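Trainee: what follows is a predicted structure for the sequence shown.
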Amino acid sequence: MQEKATGRRVSFVVPVFNEVDTLEELTRRIHEEADALPQGVVAGHDIVFVDDGSTDGSSDSLERLFRSDPRVTVLRFRKNFGKAAALRAGFERATGDVVFTLDADLQDDPAEIGSFLATLDGGFDLVSGWKARRHDPLSKTLPSKLFNFVVSRSTGLELHDFNCGFKCMRREVAKSVALYGEMHRFVPALAHAKGFRVGEIKVRHHPRRFGRSKYGIGRLPKGLCDFLSVMVITRHARTALHAFGAIGLLVAAGGAALGTVLLTSWLSGDDEAERLLVWLSIVLGVSGLHIVLFGLLADLLSRHTTRGRSDDAMVAGFLAHGAREESA
């Protein structure tokens, strides 16, 4: 059933790392597009910029925007902690009923805001952008297509573009999805695993006009590790022990079965050819036990880990109208 929007506020969370040339134009365009929507669609909006340790003058530009614009909030990190950490911190401070995420490089088009909201009102909790026509080199588009195919098949959520930074979600989604490492690209999959309804729309993708891409081949190992984490989270959301325990018990059972066969052979008097296999059965049994214990440890850690709250030690400053600046 389609839900009607009545007087909702919208927050835009924008991670920033060395994008000094785009910030003023991006702010202006977000305001223009949001202000042009009827009040029944958007009653008010604000922008939360998260400065992820910029070194090119972005911090000064953001402070000027904050001083001149009451709808701008700025959060500063002490150093570059990554996009997932920036989004997590922005989600914590977002006050809107609906939260948008978009990149600061002007490749995402604020003119799509109305389309996102209309799709969200069609019965979704999160709407992800799909850059159907990308203005990126082949070295980025081909790995991206493979990534999207693998994640879709693995998580059961059929999307064309998991990694698109342009997304729109209800506040409940933003507050409940725990982000760390390189998890920002898995937000739709994590939301889907929690039972939220996820949709997708095509969005325009503009060529980069300023600066350079912050992502290269070096992110692949981290992305692979986080993909394995997502598989555990989405397929074994209740306990990590189910994921590792099943594998460990299978390996241990194989070792026990092999040991039984070898013991029978040894009792029959054939002990020369079986010595190596005896050691193999021992290794399998011990390895299985280790995997089970590893799963148990992961389960205990997951139960005692905070639900995605950002580390205050990362924050160097927080500028918000109506609040004082916090400095360490």
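Mentor: Cool, got the structure.
Trainee: residues in contact with Ala89?
Mentor: Ala89 makes contact with 50, 75, 77, 310, 314-315, according to C-beta atoms under 8 Å, 6 or more residues apart in numbering. Quick note: C-beta positions are derived from backbone N, CA and C, even for glycine.
Trainee: which one in these is the model shakiest on?
Mentor: Lowest pLDDT among the contacts of Ala89: Ser310, with 56.
Trainee: just the contacts of Ala89 now: which is nearest Asn148?
Mentor: The shortest approach to Asn148 among those belongs to Val50, at 25.5 Å (C-beta to C-beta).
Trainee: contacting residues for the closest one?
Mentor: 13-16, 75, 77, 86-87, 89-90.
Trainee: change it to 7 Å
Mentor: Val50 makes contacts with 13, 15-16, 75, 86, 89-90, as judged by C-beta atoms under 7 Å, 6 or more residues apart in numbering.
Trainee: kindly confirm my reading that it is in a helix.
Mentor: No - assignment of Val50 by DSSP: H, G, I helix; E, B strand; the rest coil gives strand, placing it outside any helix.
Trainee: can you give me the distance of it to Leu87?
Mentor: With distances taken as C-beta to C-beta, to the nearest Å, Val50 is found 7 Å from Leu87.
Trainee: what touches both of the two?
Mentor: Taking C-beta under 7 Å, 6+ apart as the criterion, Val50 and Leu87 both touch 13, 15.
Trainee: what's the local residue count around Gln39?
Mentor: By other C-beta atoms under 10 Å, the residues close to Gln39 number 11.
Trainee: what ranges do the helices span in the stretch 1-150 of the chain?
Mentor: Taking DSSP state H, counting those that start in this stretch as the test, the helices found in the stretch 1-150 of the chain are 23-36, 58-68, 83-93, 113-120, 138-155.
Trainee: coming back round to it: just send the contacts of Ala89 back as JSON lines, with distance to Cys168 too.
Mentor: Below are these laid out as JSON lines (distance: C-beta to C-beta, whole Å):
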{"residue": "Val50", "distance to Cys168": "18"}
{"residue": "Leu75", "distance to Cys168": "20"}
{"residue": "Phe77", "distance to Cys168": "24"}
{"residue": "Ser310", "distance to Cys168": "22"}
{"residue": "Met314", "distance to Cys168": "26"}
{"residue": "Val315", "distance to Cys168": "26"}
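Trainee: now the buried members of these.
Mentor: 50, 75, 77, 310, 314-315 (16 or more other C-beta atoms under 10 Å).
Trainee: ok, Phe49 touching Arg71?
Mentor: No - using C-beta atoms under 7 Å as the test, Phe49 is too far from Arg71 to be in contact (11.2 Å).
Trainee: those two: which has the busier surroundings?
Mentor: Between Phe49 and Arg71, Phe49 has the larger neighbour count (other C-beta under 10 Å), namely 29 against 18.
Trainee: mind listing what the more buried one touches?
Mentor: Counted by C-beta under 7 Å, 6+ apart, Phe49 has contacts 14, 16, 62, 72, 74.
Trainee: is the fourth one in a bridge, and if so with what?
Mentor: Listed beta-bridge partners, Val72: Ile47 (assigned using DSSP bridges).
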